[in-house]
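Colleague: Quick one: sequence plus predicted model below, questions after.
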Amino acid sequence: MSNNLDDIMAANGAGEAATTGAAADILDVTTENFMAEVIEASKSQLVLLDLWAPWCGPCKQLTPVLEKVIGLSQGQVRLAKMNIDEHPAVAQQLQVQSIPAVFAFKNGQPVDGFMGALPESEVKAFVEKNLGAEMGPSPVDQLMQAAQEALAQNDIASAGQAFANILGMEPTHVGAIAGLAQCHLQMDNLPAAQQALEMAPPTSNDPDILAARAALALAEKMADKAAELVDDSALLAALEADANNHQARFDLALAYHGAGRREEAIAALLEIIARNRDWDDNAARRQLLEFFDAYGAADEAVVAGRRQLSSLLFS
């Protein structure tokens, strides 16, 4: 990105102050009014310059997203849209190679930028970074919050609908992809969960995607072992008869997991490790790590379980 706009600024009177009054947050700019509406305006507020062309498909996707995000700034950010077919000089000076191209201007200079059509969440993050402050939640953010709250309350239908609505607006939103997969897992619909996760990039390292993939792998494993699982009461009776019956405690951990009793599942495996950490080639530890991956690093039971595991292994 070039910071040298001397040619354009000189052509438009670099020393002259902008004479326009308070402008709208979203406006079209030309080469002629670029100095006033972008350079000078950026001395009092953040200005985003959106370089586009009528023939550019991604531009048509990005501009509405920019306008939506700008609307959240409550006048703190201005969006200046420039058709480079009609006004190519600025794009040439900025050495733009492809469009859409967006530049953030502060104090009369471009300070940041990106090219290509980004999803709403990434555009919002870009604006907030350059604004130095958080804006109000976007419609996608609001839907994500509602979806996550519904999922936490086990309202799977509402959560699934909200995640699907988000993906209708942002098909690549990894949080919504992971959330939709988790909804399908809650309903024991493993093929649908797999289909949801296929929407995410195969190389994605997003924590929510990784947790959903681990949860799917664990669910598939549990489905294969379903016929082998013993009734809880029988396992508890076996442990009462012999507290060192590690296989019974291991199977009880799996039963607890299947019932959604995460803390008890983790506690049972930790008890095996405390009594005999090497039992069955570290089977309890390996299963515990599978639980941790499936539940996600932020889960309270996982946080506490990791702390206890570290204490056991390094004591």
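Modeller: Thanks, I have the structure now. For clarity, every value in this text was computed on a predicted model and none was experimentally measured.
Colleague: Quick check: buried residues in the helix or strand harbouring residue 288?
Modeller: Per DSSP states H and E, residue 288 falls inside helix 279-295. By neighbour count on 16 or more other C-beta atoms under 10 Å, the buried set for helix 279-295 is 279, 283-285, 287-295. Glycine gets a C-beta too; all of them are placed from N, C-alpha and C.
Colleague: Kindly report the same for stretch 119-137.
Modeller: 119-124, 126-128, 130-131, 135.
Colleague: quick one, helices of the stretch 101-250 of the chain?
Modeller: Assigned by DSSP state H, counting those that start in this stretch, the helices in the stretch 101-250 of the chain fall at 120-131, 139-152, 156-169, 174-186, 190-197, 207-225, 232-241, 246-258.
Colleague: now the longest one: mean pLDDT?
Modeller: Put plainly, it is helix 207-225. Averaging pLDDT along helix 207-225 yields 92.
Colleague: Can I get it in CSV, CA atoms only?
Modeller: Extracted C-alpha coordinates of helix 207-225, given in CSV (Å, rounded to 0.1, in the frame of the first residue of the first chain):
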residue,chain,number,x,y,z
PRO,A,207,-11.3,-23.6,18.2
ASP,A,208,-15.1,-24.0,17.7
ILE,A,209,-14.6,-26.0,14.5
LEU,A,210,-11.9,-28.1,16.1
ALA,A,211,-14.2,-28.8,19.1
ALA,A,212,-17.1,-29.7,16.8
ARG,A,213,-14.9,-32.1,14.8
ALA,A,214,-13.6,-33.7,17.9
ALA,A,215,-17.2,-34.0,19.2
LEU,A,216,-18.3,-35.7,16.0
ALA,A,217,-15.4,-38.1,16.2
LEU,A,218,-16.3,-38.9,19.8
ALA,A,219,-20.0,-39.4,18.9
GLU,A,220,-19.1,-41.8,16.1
LYS,A,221,-16.9,-43.7,18.5
MET,A,222,-19.6,-43.8,21.1
ALA,A,223,-22.1,-45.0,18.5
ASP,A,224,-19.8,-47.9,17.7
LYS,A,225,-19.5,-48.8,21.4
